[in-house]
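Peer 1: Have a look; sequence and predicted model below, questions after that.
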Amino acid sequence: LAPQHFVEYGIAITSTSFGEGCGDAYDGSTRDIDAQVYNHPYLAHVFSAGNHGTEPCYNIYSWLGANAAGNYYATITGGRKAGKNVLAVGNVEWNDLLLASSSRGPTPDGRIKPDLSALGQFDRTTGPDNTYRFSSGTSAAAPNVAGVLAILYEQYLATHAGTYPSSALIKGVVLNTADDLGPAGPDYHYGWGRINARRALHALENNQFFSGSVAHGGHQQFQINVPAGAKNLKVMLSWHDPAGSVLSSIALVNDLELHLQHPQGTFLSPWVPSTVAHLDSLQRPALPGEDHRNNVEQVAVANPTAGTYQIHVDGLEIPEGPQEYFLTYTYEVEEMEMLSPAAGATYVPGELALLTWDAVNTGESFSLEYSTNAGQSWQYIATDLAPSTHSFQWNVPQIATDRLQIRLRRAGQISSSGHEAVVAQTPVFTTTYLDAETALLDWDPIAGAIAYKIFALGEKYMEVIGATVSTSYEMDAEVGEGYWLSVAPVF
């Protein structure tokens, strides 16, 4: 129904979390989902990888037994999730640790799964009776990825005259800009890493991609310029592959090859994880080589030399061609950037607030500081944070301010998000009717507040309907009607 829903409702992105078996071979449902996306390339299907990581499935990789951490391989839960043209998502904690329950790859034919990972532990989601609840598992991680895809689709549509992108391009962008976690390169735990929405959007905004089409035996070439001081150059090739045969031991149909030529002439090959059915092989880092199983390939250079790089794409085996493909590239020029607080952020004293940043690993530790007076003075939150960390859970102190700033330090570097946030208790208010057309909102005072704004749900958003310096507010309201209201302190 996905193609029909696109025509009728404009739905291009789906997020699905049902299981269809455990670690199964490329079957009819896998073939069908690959065919659907190949024939309707604007569709992007996101699936949970499954929560079967500590239980074996029935295939050659699971039969190896559990690794030292108690995890089994090739435990992706379903046929569609194992597709070449979809995304299967693993589940990580706030600190990027992969949940033991998160299903591992590879597929029985040795392809990389999960495709990538996302935060899926203790997400807030909707509950019964207009409430919110916590949700965990790969079923919570997958919608986060679908949400990022929606942002990227919106960006592409806005800059390409309303034309929908191929999901092969968007898939390449999110995999190529993901933060590499676990063994170096793609692996069967995190996939290509944890999704990084900021970097993915940046790549699209800066048109860091190419498209092309190659026939059997064909060769195409592109070039990119890498500036001095850049870190972590990554180039990725991605394509929608035709549906494979359920009778074949290898699902890949059209085999493209990617190579990156260094400014000095050296050719660099893409990452290839081992497919050998041995626990040590499945856990080791990927090595450069030739990949004849996946329809995504990446070449990475940690410390690239400045200059012009040539990207080479070869149609090694194209029985069903010509084959459309996409190239995307990324590199980092900002060594670190503090992302918290975001614009309009609010924190509650005593809560655990997740502070995040983006940074190149230089081997030096981080420290975090906060200011309650817009940067006039600072206090430490944490010191000696590991060079590989990108987040910290902060126990918000018992303070009240609307001028909170947070900054990140490393050696001689300092970074702040540039935004000020509010720290305050949440007003808890009651409502009573004074008469059939007037309601009274009443609440306890919030420390430090000089006034209060009252919000009501408008056509789409919560909108200010009034303000007061007292701790009560009268509003027009008819008995029997429903209203969504909120009260916010002003400092």
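Peer 2: Alright, I've got the coordinates.

Peer 1: Let me see the contact set for the nearest residue to Gly50 once chain neighbours are set aside.
Peer 2: Leaving out its chain neighbours, the residue that sits closest to Gly50 by Cβ to Cβ, 6 or more residues apart in numbering is Thr77, at 3.0 Å. Just so you know, the C-beta spots here come from the backbone N, C-alpha and C atoms, and that holds for glycine as well. Going by Cβ atoms under 8 Å, 6 or more residues apart in numbering, Thr77 touches Gly19, Glu20, Gly21, Cys22, Gly23, Ser48, Ala49, Gly50, Asn51, His52, Ser103.

Peer 1: Can you tell me which of those residues is closest to Leu260?
Peer 2: Ala49 (29.0 Å; Cβ to Cβ).

Peer 1: thinking again about what came up before, can I have the buried ones of the contacts of Thr77 as a PyMOL selection?
Peer 2: Typed into PyMOL, the line below selects the buried ones among the contacts of Thr77, using 16 or more other Cβ atoms under 10 Å:
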select buried, resi 19+20+21+22+23+48+49+50+51+52+103
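
Peer 1: can you count the residues close to Leu260?
Peer 2: Using other Cβ atoms under 10 Å, Leu260 has 24 neighbouring residues.

Peer 1: pretty sure it contacts Gln298?
Peer 2: No - using Cβ atoms under 8 Å, Leu260 is not in contact with Gln298; the gap is 9.6 Å.

Peer 1: Spit out the residues that contact the two alike.
Peer 2: Residues touching both Leu260 and Gln298 (Cβ under 8 Å, 6+ apart): Val235.

Peer 1: Got phi/psi on Pro41?
Peer 2: phi -70, psi -10 (degrees, to the nearest 10).

Peer 1: And for Leu169?
Peer 2: Dihedral angles for Leu169 - degrees, to the nearest 10 - are phi -70, psi -50.

Peer 1: Spatially nearest residue to it, not counting backbone neighbours?
Peer 2: Using Cβ to Cβ, 6+ apart, the closest residue to Leu169 is Phe326 (4.3 Å).

Peer 1: cool, and Glu437?
Peer 2: Glu478 (5.7 Å).

Peer 1: dump the residue contacts of the closest residue to Asp291 other than its chain neighbours.
Peer 2: Spatial nearest neighbour of Asp291, chain neighbours left out: Val272 (4.8 Å); criterion: Cβ to Cβ, 6+ apart. Going by Cβ under 8 Å, 6+ apart, Val272 touches Ala286, Leu287, Pro288, Gly289, Glu290, Asp291.

Peer 1: Of those, just say which sits nearest to His160.
Peer 2: Closest to His160, out of all of these and judged by Cβ to Cβ, is Asp291, at 29.7 Å.

Peer 1: Please report phi then psi for that closest one.
Peer 2: phi -110, psi 120.

Peer 1: right, and it touches Pro270 too?
Peer 2: Yes - look at Asp291 against Pro270 with Cβ under 8 Å: they come within range, at 5.8 Å.

Peer 1: quick one: which helix or strand includes Val246?
Peer 2: Assessed by DSSP states H and E, Val246 sits outside every helix and strand.

Peer 1: same deal with Leu157?
Peer 2: Leu157 belongs to helix 138-159, assigned by DSSP H and E.

Peer 1: Then Ser15?
Peer 2: Element membership for Ser15, per DSSP H and E: strand 13-16.

Peer 1: So what touches that strand?
Peer 2: Residues contacting strand 13-16 (Cβ under 8 Å, 6+ apart): 2, 43-48, 80, 142-143, 145-146, 149-150, 153.

Peer 1: And whatever helix or strand comes next after that strand, what's buried?
Peer 2: Scanning forward in sequence from strand 13-16 by DSSP H and E, the next helix or strand is helix 28-39. Residues of helix 28-39 classed as buried: Ser29, Thr30, Arg31, Ile33, Asp34, Gln36, Val37, Tyr38 (neighbour count, 16+ other Cβ under 10 Å).

Peer 1: from these, which is closest to Gly218?
Peer 2: Nearest member of the buried residues of helix 28-39 to Gly218, counting by Cβ to Cβ, is Tyr38, at 19.3 Å.

Peer 1: the helices in the chain, which residues?
Peer 2: Assigned by DSSP state H, the helices in the chain fall at 2-9, 28-39, 138-159, 167-176, 197-205, 279-283.

Peer 1: Let me know the outermost residue of the chain.
Peer 2: Taking Cα atoms, centre = their mean, the residue of the chain most remote from its mean C-alpha position is Asp435, at 50.0 Å.

Peer 1: Distance of it relative to Asn176?
Peer 2: Remark: distance between Asp435 and Asn176 (Cβ to Cβ, to the nearest Å) = 62 Å.

Peer 1: Same question for Ala200.
Peer 2: Going from Ala200 to Asn176 by Cβ to Cβ gives 8 Å.

Peer 1: Next, the angle helix 138-159 makes with the helix or strand of the chain with the lowest mean pLDDT.
Peer 2: Ranked by mean pLDDT, DSSP states H and E, the weakest helix or strand in the chain is strand 123-127, scoring a mean of 85. Between the axes of strand 123-127 and helix 138-159, defined by axes from the mean of the first three to the mean of the last three Cα atoms, to 10 degrees, the angle is 90 degrees.

Peer 1: got the CA coordinates for strand 123-127 in CSV?
Peer 2: Extracted C-alpha coordinates of strand 123-127, given in CSV (Å, rounded to 0.1, in the frame of the first residue of the first chain):
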residue,chain,number,x,y,z
ASP,A,123,12.3,7.8,24.8
ARG,A,124,9.1,9.7,25.7
THR,A,125,6.1,8.7,23.6
THR,A,126,2.4,9.1,23.7
GLY,A,127,0.3,7.0,26.1
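
Peer 1: List the contacts of it.
Peer 2: Here strand 123-127 has contacts from Tyr132, Arg133, Phe134, Ser135, Ser136, Ala140, Asn144, using Cβ under 8 Å, 6+ apart.

Peer 1: Tell me how many other residues surround the fourth one.
Peer 2: It stands for Ser135. With other Cβ under 10 Å as criterion, Ser135 counts 17.

Peer 1: The fifth one now?
Peer 2: Ser136: 17 surrounding residues under other Cβ under 10 Å.

Peer 1: Check the last one too.
Peer 2: Under the neighbour criterion other Cβ under 10 Å, Asn144 is assigned a count of 20.

Peer 1: Quick one: residues contacting the closest residue to Asp442 other than its chain neighbours.
Peer 2: Distances taken as Cβ to Cβ, 6+ apart place Ser472 nearest to Asp442, at 4.5 Å, with adjacent residues excluded. Applying Cβ under 8 Å, 6+ apart, we find Ser472 in contact with Leu440, Leu441, Asp442, Trp443.

Peer 1: Show the end-to-end separation of stretch 387-401, please.
Peer 2: End-to-end distance of stretch 387-401 (Cα to Cα, to the nearest Å): 30 Å.

Peer 1: Export the contacts of strand 123-127 to a markdown table and append columns for pLDDT and distance to Val253.
Peer 2: Below are the contacts of strand 123-127 laid out as a markdown table (pLDDT from 0 to 100; distance: Cβ to Cβ, whole Å):
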| residue | pLDDT | distance to Val253 |
| --- | --- | --- |
| Tyr132 | 87 | 44 |
| Arg133 | 89 | 43 |
| Phe134 | 87 | 42 |
| Ser135 | 87 | 37 |
| Ser136 | 92 | 37 |
| Ala140 | 95 | 33 |
| Asn144 | 96 | 31 |
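
Peer 1: got the contact list for Ser167?
Peer 2: Counting by Cβ under 8 Å, 6+ apart, Ser167 has contacts Ala12, Val37, Pro41, Tyr42, Leu43, Ala44, His45, Asn85, Leu149, His240.

Peer 1: Lovely, talk soon.
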